[in-house]
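# Let me see the structure of the following:
(one chain, ligands or ions: 1)
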Amino acid sequence: MTAHPRPARPVVLGQNQYGKAENRVVKVTRDGATHHIKDLNVSVSLSGDMDDVHYSGSNAHVLPTDTTKNTVYAFAKEHGIESAEQFGIHLARHFVTSQGPIHRARIRIEEYAWERIASSDAGSRPLGADEVRHSFVRTGQETRLTQVTYDGASWEVVSGLKDLVVMNTTDSEFWGYAKDRYTTLKEAHDRILATEVSGRWRFGWTGDAERMPHWDESYEQTKKHMLRAFAETYSLSLQQTLYQMGARIIDHRDEIDEVRFSLPNKHHFLVDLEPFGLENDNEVYFAADRPYGLIEATVLRDGSEARIPVDHSNL
Ligand SMILES: O=c1[nH]c(=O)c2[nH]c(=O)[nH]c2[nH]1
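Got it, this is the predicted structure:
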């Protein structure tokens, strides 16, 4: 079939992108008997001069999504996976520099963490030295995330995490709030504060090879500061705790200019034990799963631009 010219209709194509989503790639690096693993979920999204494929069906500018999938696996072999960010940078650069019509590449990566099974945890059977070196258990704490975007001139790297559940069993209050005729909430002077952290942080780095952040160290330190702020803030609201978590990252990590959190307030309600003749002295709670308060905010280095989207849940 021949390609058709663009139809003369008062309709135009808007933003568009394409690529292969959720390429699951596991890379085993064998250092003698000691193995290392990287376990990623990589989504490729390309955009550029793609009017023709939408208007007329000409695929001349379209690098197949199947090829983008193959590239992910080939790059795991050719470049290795040093960090999710570094892998994303290799891929984004490749698509933009090797295909003229592709002007922008966005690579999103989720990373699943594994840790070694210690020999004493691996069962009663005595293990050979090398058996321990290739046995792993997936760690359940959080999923590490990154998004790398390249337009041929500059880079944007936004990393983060999701599903990190944390709880303070004291040092949290909530009182002095606005009240109207629908307010029934009792003021709390000692409550549980729990949340499932979803956070994203944007690096100031825009492509200077000499000044590239050390991605893994940055991640570990950022997570550490975030958790310490959660633990050490005497909280009068989850909003205040969120701000402290972001501010501590901005204060301690020069490479990060913007942090955005989405924090569901995982409410823990004291159970009324009076009907059973029992006192509940802040001991027994009902952990509700819904509805939940949802507290979201961006914390910025002064003078920086807010670029992490308000709804960053897919990012
Ligand atoms: O930390 C809180 N912030 C709120 O805005 C809020 N609203 C509410 O009912 N409980 C809480 N807790």
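# so which strand or helix has residue 156?
Using DSSP states H and E, residue 156 sits in strand 155-168.
# again, but for residue 226
helix 215-232.
# give me phi/psi at the residue of the stretch 1-150 of the chain found nearest the ligand?
Per Cβ to the nearest ligand atom, residue 142 is where the stretch 1-150 of the chain lies closest to the ligand, at 21.7 Å. Heads up, the C-betas are built off the backbone N, CA and C, glycines and all. Per-residue torsions, residue 142: phi -150, psi 170 (degrees, to the nearest 10).
# What pLDDT is listed against it?
As summarised for this prediction, residue 142 has a pLDDT of 97.
# was I right about it contacting residue 163?
Yes. With contacts counted by Cβ atoms under 8 Å, residue 142 reaches residue 163, the gap being 5.3 Å.
# all helices for the chain, in order.
With DSSP state H as the criterion, the chain has helices at 51-55, 65-78, 84-98, 129-132, 215-232, 238-252.
# Any idea which of the ones you listed has the lowest pLDDT on average?
Among those, helix 129-132 carries the lowest mean pLDDT (a mean of 56).
# In the protein, what helix or strand scores lowest on average pLDDT?
In the chain, no helix or strand scores lower on mean pLDDT, DSSP states H and E than helix 129-132, which sits at a mean of 56.
# which residue sits closest to residue 312, ignoring its sequence neighbours?
residue 200 (5.0 Å; Cβ to Cβ, 6 or more residues apart in numbering).
# Pull the contacting residues for that neighbour.
Residue 200 sits next to 145, 158-160, 259-260, 308, 312, 315 when contact means Cβ atoms under 8 Å, 6 or more residues apart in numbering.
# Looking at these, which is nearest the ligand?
Distance to the ligand across the contacts of residue 200 (Cβ to the nearest ligand atom) is lowest for residue 260, with 17.6 Å.
# Before we move on, what's the pLDDT of the residue lying farthest from the centre of the chain?
The C-alpha centroid of the chain is most remote from residue 277, which lies 46.7 Å away (Cα atoms, centre = their mean). pLDDT, residue 277: 98.
# Close to the ligand: what parts of the stretch 201-315 of the chain are there?
When proximity is defined by Cβ under 6 Å from any ligand atom, the stretch 201-315 of the chain lies next to the ligand at 237-239, 265, 293.
# The same query, at a cut-off of 8 Å, please.
235-241, 265, 267, 293, 295 (Cβ under 8 Å from any ligand atom).
# Next up, the contacts around the residue of the stretch 51-200 of the chain found nearest the ligand.
The stretch 51-200 of the chain approaches the ligand most closely through residue 174 (4.4 Å), counting by Cβ to the nearest ligand atom. Residues counted as contacts of residue 174 (Cβ under 8 Å, 6+ apart) are 187-188, 191, 236-237.
# can I get these in JSON lines with distance to residue 11 and neighbour count?
Below are the contacts of residue 174 laid out as JSON lines (distance: Cβ to Cβ, whole Å; neighbours: other Cβ atoms under 10 Å):
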{"residue": "187", "distance to residue 11": "56", "neighbour count": "11"}
{"residue": "188", "distance to residue 11": "55", "neighbour count": "14"}
{"residue": "191", "distance to residue 11": "55", "neighbour count": "23"}
{"residue": "236", "distance to residue 11": "53", "neighbour count": "13"}
{"residue": "237", "distance to residue 11": "48", "neighbour count": "18"}
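# Stretch 284-295: how far from the chain's middle?
23 Å (Cα atoms, centre = their mean, to the nearest Å).
# ok, residues contacting that stretch?
Contacts for stretch 284-295 (Cβ under 8 Å, 6+ apart): 192, 194-195, 238-239, 242, 261-271, 273.
# how does this protein divide up, domain by domain?
15-153, 159-315 (automatic domain parsing).
# Out of those, point me to the one whose mean pLDDT is lowest.
Looking at the domains of the chain, the bottom one is domain 15-153 with a mean of 93.
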